[in-house]
Each structure stands twice: as C-alpha cells, then as structure tokens.
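Engineer: Okay, structure incoming, though there's no sequence with it:
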C-alpha cells in the first residue's frame, strides 16, 4: 500500500533553522507512531546558504579547521548524521526525508539503497548515467554528484544533496566526505548548460514517489 508523504519546500534557508525543524517534525512523527496515529511522514526541500557540516565521525575537524572555513564566509555545524565533512549552498537541491521506516515495513539498508536509486533514476531522465560505488553517494566516474548522509534512529533525518548549478569551488577547501583523490560535479557541469534546482525538482520528486511507492502531497493538505 502506498504511503502518504507530505512535502514542504523551505526555499533558501540557513542550515540551523532547517535542522531544528527536522528535529521538531521527526519528534512529532515518532510521537504519532507511539500514539498509534498517522505518522505524517514529511519530505523537506531546501537550498542552504553556504555551510560546511560534519557528521558523527568529526574527530579531525578541530576549532582551527572550523575557523578557517568560517573565514571563507560559510557557516559550520557538527551534526549527528553519518559521514564526514561536506558543503551545502545555493543551487544544490537538498532533500530531508523524515520517515518512520517501520511504517514502511523497511529497514535502514533498504532506505539508503532507495535514496541511491531515486537519484540514479532522476539523473537518468536527464540522460545522465550515474552509479553507486564502494563510497557513499552517487557518482559519475570519479566525481560525486550527490552526497548522502543520514540518521536513521526512530525517524530518519538529514538526507541527500544533489549538485544542480551550485558553485563547486566551495568544495576546494575541504576533502569532501573525507575521500582523497575524488572530485565533485553537478548536473549543469555534466550537461554543459545551466540546470537549476527548479528544473530538477519535479523530476526528483517523481523519482522519489516511484522508488518509495509514496503519494506526495503538499503539506497544506495535511
């Protein structure tokens, strides 16, 4: 049976505000599950102002490293997602699915695979062939086009970030996801034309709906 997922487009938002919203909504979803109410799964869509974030494996990112990145004009946050350091900024399509996976009858491995298949399906519709690798995320050759970093306890938080027409030079100041010798790319760079978040979004949402077998409704219909 298809699940209903309510979609909220946050536009361009500071990272901390979106993170606090994730925490609040995920708690609400879990409380509904405990009370045996409809979970009201959510899908948040956002572009962030420039920000570097680290995951739970952040032991190498000391205060001096943080200050260096902040001096570039970006914010910096340490989070509870998986993975190492990455960058978010305008022109990058970020999805935060807030899902109670047990309600889907699925587990965390299925969830990560489903996120990967969603991006691959979306990019295929732009005639871009992408793939997974032993490293997390979605790749075109040696270049990552989409990062995935999640937290999966009770209700999923964090999610994925697909490079559309963002400024890739921000990645020059870090080792993205801690992977030496790897590069980054974007939909615009691969297609050699400007491809905005607004152009990619409907295709990505359609792919998400198909892979997750979910009916996506605007949150105003909640």
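Structural biologist: Arrived safely, thanks for sending. Predicted model only: the values in this text are computed from it and were never measured.

Engineer: Can you tell me how far residue 146 is from residue 48?
Structural biologist: 15 Å (Cβ to Cβ, to the nearest Å). C-beta coordinates here come from the backbone N, C-alpha and C atoms, glycine included.

Engineer: Scan this structure for its longest helix.
Structural biologist: helix 15-34 (DSSP state H).

Engineer: Show me which of residue 146 and residue 48 is the more surrounded one.
Structural biologist: Taking neighbours as other Cβ atoms under 10 Å, residue 146 and residue 48 compare with residue 146 leading, 29 against 25.

Engineer: residue ranges of the strands in the chain, please?
Structural biologist: Remark: strands assigned in the chain by DSSP state E are 3-13, 41-48, 51-54, 75-78, 86-88, 92-98, 138-140, 143-151, 157-163, 183-184, 214-218.

Engineer: any chance of those in JSON lines, plus distance to residue 124 and mean pLDDT?
Structural biologist: What follows is the strands of the chain, written out as JSON lines (distance: least, Cβ to Cβ, whole Å; pLDDT from 0 to 100):
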{"stretch": "strand 3-13", "distance to residue 124": "22", "mean pLDDT": "96"}
{"stretch": "strand 41-48", "distance to residue 124": "21", "mean pLDDT": "98"}
{"stretch": "strand 51-54", "distance to residue 124": "28", "mean pLDDT": "94"}
{"stretch": "strand 75-78", "distance to residue 124": "33", "mean pLDDT": "93"}
{"stretch": "strand 86-88", "distance to residue 124": "24", "mean pLDDT": "95"}
{"stretch": "strand 92-98", "distance to residue 124": "16", "mean pLDDT": "98"}
{"stretch": "strand 138-140", "distance to residue 124": "11", "mean pLDDT": "96"}
{"stretch": "strand 143-151", "distance to residue 124": "12", "mean pLDDT": "95"}
{"stretch": "strand 157-163", "distance to residue 124": "13", "mean pLDDT": "97"}
{"stretch": "strand 183-184", "distance to residue 124": "20", "mean pLDDT": "93"}
{"stretch": "strand 214-218", "distance to residue 124": "19", "mean pLDDT": "96"}
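
Engineer: Dump the ones you listed to a markdown table, plus distance to residue 28.
Structural biologist: Formatted as a markdown table, the strands of the chain follow (distance: least, Cβ to Cβ, whole Å):
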| stretch | distance to residue 28 |
| --- | --- |
| strand 3-13 | 11 |
| strand 41-48 | 9 |
| strand 51-54 | 23 |
| strand 75-78 | 22 |
| strand 86-88 | 24 |
| strand 92-98 | 9 |
| strand 138-140 | 30 |
| strand 143-151 | 16 |
| strand 157-163 | 12 |
| strand 183-184 | 34 |
| strand 214-218 | 17 |
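
Engineer: how far does stretch 88-102 stretch from start to finish?
Structural biologist: With Cα to Cα, to the nearest Å as the measure, stretch 88-102 spans 29 Å from end to end.

Engineer: What residues sit buried inside that stretch?
Structural biologist: The neighbour-count check on stretch 88-102 (16 or more other Cβ atoms under 10 Å) flags 88-89, 91-101 as buried.

Engineer: next one: stretch 15-25
Structural biologist: Quick answer for stretch 15-25 (16+ other Cβ under 10 Å): 15, 18-19, 21-22, 25.

Engineer: Distance to residue 150 for those residues - can I get that in JSON lines?
Structural biologist: Output for the buried residues of stretch 15-25, formatted as JSON lines (distance: Cβ to Cβ, whole Å):
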{"residue": "15", "distance to residue 150": "16"}
{"residue": "18", "distance to residue 150": "15"}
{"residue": "19", "distance to residue 150": "13"}
{"residue": "21", "distance to residue 150": "16"}
{"residue": "22", "distance to residue 150": "11"}
{"residue": "25", "distance to residue 150": "15"}
